[in-house]
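In: fold the following.
(2 chains)
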Amino acid sequence: SQLAEENSWALSVHEGESVTVNCSYKTSITALQWYRQKSGKGPAQLILIRSNEREKRNGRLRATLDTSSQSSSLSITATRCEDTAVYFCAPPGTGSNRLTFGKGTKFSLIP
Amino acid sequence: DMKVTQMPRYLIKRMGENVLLECGQDMSHETMYWYRQDPGLGLQLIYISYDVDSNSEGDIPKGYRVSRKKREHFSLILDSAKTNQTSVYFCASRRTGMNNQAPLFGEGTRLSVL
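Out: Numbers count the residues shown, from 1 in each chain, chains lettered A, B, ... in the order given. I've put the predicted structure just below:
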């Protein structure tokens, strides 16, 4: 019953390269949150992008939102070892507060 | 320091035993969640609590029950645990009414039911 899902199970790039995680969502949203979950930890929010924003940046992270195609992306530039994690997208779950997640995209560096 | 604390962090139980997972937060957040996470399945919502004694089933409530007698504490109970309840359990909390605020997650409890 998740409202948003990442489009890839896993992605790998060489350190220093860029990577993009894509997400599709099913319903009209007021915003979309991107989370990162490192091994052995709980998820933590990276970026919140609102429905009236097309792009949002936070350091090496860039999120985009296309409400016409109900899709979003999270790009990471100059990837580092510390970026290795599982990335999730999810609408905030306000109103009913039913915050649900997809399976996530596992990002790793090619040795 | 805003934090969600889960206890214990690791737990091994035998099938049929009762299990109590505890979650605490010091931010007076009204809304709290329990999730389980299994490899390849992502985070699955078990229960939501909107405040003291105001709990609602999530997507996979079967085999679980919850208790919230104080706003700061939210417990997950497994009566007669089953081996398929082996998983990592995450608790999260969020202030109700704060539009778009992301919940804060604990570090998880790794439960093995043998």
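
In: helix or strand right after whichever strand or helix holds A:Val86?
Out: Per DSSP states H and E, A:Val86 falls inside strand A:85-90. Counting by DSSP H and E, the next helix or strand C-terminal to strand A:85-90 is strand A:105-109.

In: so for that following strand, what gets flagged as buried?
Out: By neighbour count on 16 or more other CB atoms under 10 Å in any protein chain shown, the buried set for strand A:105-109 is A:105-109. C-beta: built from backbone N, CA, C; applies to glycine.

In: what does stretch A:21-38 give?
Out: For stretch A:21-38, burial by neighbour count (16+ other CB under 10 Å) applies to A:21-23, A:25, A:29, A:31-37.

In: okay, now residue 50: neighbour count?
Out: Reading this off chain A. A:Arg50 has 14 neighbours, counted by other CB atoms under 10 Å in any protein chain shown.

In: should've been chain B
Out: B:Tyr50, neighbours per other CB under 10 Å, totals 15.

In: my guess is it meets B:Thr31, correct?
Out: Yes. Under the criterion of CB atoms under 8 Å, B:Tyr50 makes contact with B:Thr31 at 5.8 Å.

In: for B:Arg36, which non-adjacent residue is spatially closest?
Out: Using CB to CB, 6 or more residues apart in numbering or on different chains and skipping the chain neighbours, the partner closest in space to B:Arg36 is B:Ser87 (4.4 Å).

In: so what pairs up with B:Lys13 in the strands?
Out: For B:Lys13, the beta-bridge partners are B:Val113 (DSSP bridges).

In: quick one, grab the pLDDT at it.
Out: pLDDT, B:Lys13: 97.

In: one more: B:Gln6?
Out: Per-residue pLDDT puts B:Gln6 at 97.

In: for the strand holding A:Val86, what is the distance to the chain centroid?
Out: Strand A:85-90 sits 5 Å away from the centroid of its parent chain (CA atoms, centre = their mean, to the nearest Å).

In: restricting to C-alpha, output it in CSV.
Out: Extracted as CSV, the C-alpha positions of strand A:85-90 are listed here (Å, rounded to 0.1, in the frame of the first residue of the first chain):
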residue,chain,number,x,y,z
ALA,A,85,23.3,3.3,1.9
VAL,A,86,19.7,2.5,1.0
TYR,A,87,17.7,5.5,-0.4
PHE,A,88,13.9,5.8,0.0
CYS,A,89,11.4,8.3,-1.3
ALA,A,90,8.1,8.8,0.6
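
In: can you tell me if that strand touches chain B.
Out: Yes. For a cut-off given as CB under 8 Å from any CB of the partner chain, strand A:85-90 has contacts with chain B, namely A:Phe88.

In: buried set for that strand?
Out: A:85-90.

In: no further queries at this time; thank you.
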